[in-house]
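> no sequence for this one, just the structure:
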């Protein structure tokens, strides 16, 4: 029996990712790019649901963990579960940051910072290009 932590990595050659993704999604997720602040479709999104990896479809963040950080990128206080994302030190752009990647396919999602709100104090600053939102099913009206 396996659980999410023992899942095999999804690996594809760049040519396959390029066929599957838009050029901007490929640049952000596979080449570790960043979209311009305030340009992403999920920055101001208030729709309830789950944010999934645009590359492999894995659930990453709940809309319940989303908050307006004022930075221009969708921000979350925590991932949907401890095994959803992985992190590593990013020393590009003459600074040290913590990169956040999809645990299943290693897609670059964004960075996490220690300046977020309670309860975690973290700000998972993600690129909209790396995410796809699956809205929560609407609940039937009560009687």
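Arrived safely, thanks for sending. For clarity, every value in this text was computed on a predicted model and none was experimentally measured.

> contacts, neighbours, all on C-alpha from now
OK.

> listing request: residues of this structure with sub-threshold pLDDT.
In the predicted model, the chain carries pLDDT under 70 at residues 1-6, 139-143.

> residue 68 touches residue 42, doesn't it?
No. Checked against Cα atoms under 8 Å, the pair residue 68 and residue 42 is beyond contact range at 10.7 Å.

> for residue 76, give its distance to residue 133.
Per Cα to Cα, to the nearest Å, residue 76 is found 14 Å from residue 133.

> can you pull up the most central residue in the protein?
Central residue of the chain (Cα atoms, centre = their mean): residue 109, 4.5 Å from the mean position.

> which of residue 68 and residue 42 has more residues huddled nearby?
A count of neighbours by other Cα atoms under 10 Å puts residue 42 above the other of residue 68 and residue 42, at 21 against 14.

> quick one: secondary structure of the more buried one?
coil (DSSP: H, G, I helix; E, B strand; the rest coil).
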